[in-house]
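Participant: starting from these lines, generate the structure:
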Amino acid sequence: MGALGRVLIAVYVVLACAATFRSLYQIITKFDEAPLAYSLSAVAGVVYILATIALIRRGRGAWRWIAWAALSFELAGVLIVGTLSLVAPELFGHPSVWSVFGQGYVYIPLVLPVLGLIWLYQEGKRVS
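Facilitator: Below is the predicted model:
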């Protein structure tokens, strides 16, 4: 694994922890204020955890396909939620991790799956 892979995984670890712990706190303390937003943030946290594990284990069995699926789901989520948060913000109540394409997380949720998918593709070409 090269330097890009190590940096990518490190950023996923940080984002997984940030999204998961923030969403758990929000769900425990104020879920009634924005149940959709906080649930989406929890889903994002779980997806980030799964993506992190899959990226680390990508060379073993089905993990490569799980990594592709997790990153693709993540990208679809940030695009769908990001768009909906702009055109129908009343649906959410409060921002989620993926609101406005990850604006609250400096757009890392938008950029990270793209970089991850490119990296997986490049790694696959090297192995083939």
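Participant: buried set for the helix or strand bottoming out on mean pLDDT in the chain?
Facilitator: Least confident helix or strand, the chain: helix 108-127 with a mean of 89, by mean pLDDT, DSSP states H and E. Residues of helix 108-127 classed as buried: Ile108, Pro109, Leu110, Leu112, Pro113, Gly116, Leu117, Trp119, Leu120, Glu123 (neighbour count, 16 or more other CB atoms under 10 Å). The C-beta positions use only the backbone N, C-alpha and C, and glycine is treated the same way.
Participant: low-confidence stretches in the protein?
Facilitator: 1, 127-128 (pLDDT under 70).
Participant: ok, the nearest residue to Gly102 once chain neighbours are set aside - contacts?
Facilitator: Computed as CB to CB, 6 or more residues apart in numbering, the closest residue to Gly102 that is not its neighbour in sequence is Pro109, at 3.1 Å. Residues near Pro109 by CB atoms under 8 Å, 6 or more residues apart in numbering: Leu15, Ala44, Glu74, Val78, Val97, Trp98, Phe101, Gly102.
Participant: which of the residues you listed sit farthest apart?
Facilitator: Spatial extent of those (CB to CB) is set by the pair Leu15 and Phe101 at 14.2 Å.
Participant: out of the two, which sits in the busier spot?
Facilitator: Set Leu15 next to Phe101 and count neighbours by other CB atoms under 10 Å: Leu15 wins out with 23 against 18.
Participant: now the more buried one, nearest residue through space, not along the chain?
Facilitator: Distances taken as CB to CB, 6+ apart place Tyr48 nearest to Leu15, at 5.1 Å, with adjacent residues excluded.
Participant: okay, now the one you found: neighbour count?
Facilitator: Residues near Tyr48, counting by other CB under 10 Å, number 26.
Participant: my read is that it contacts Phe21, right?
Facilitator: No - Tyr48 is beyond contact range of Phe21, at 11.3 Å (criterion: CB atoms under 8 Å).
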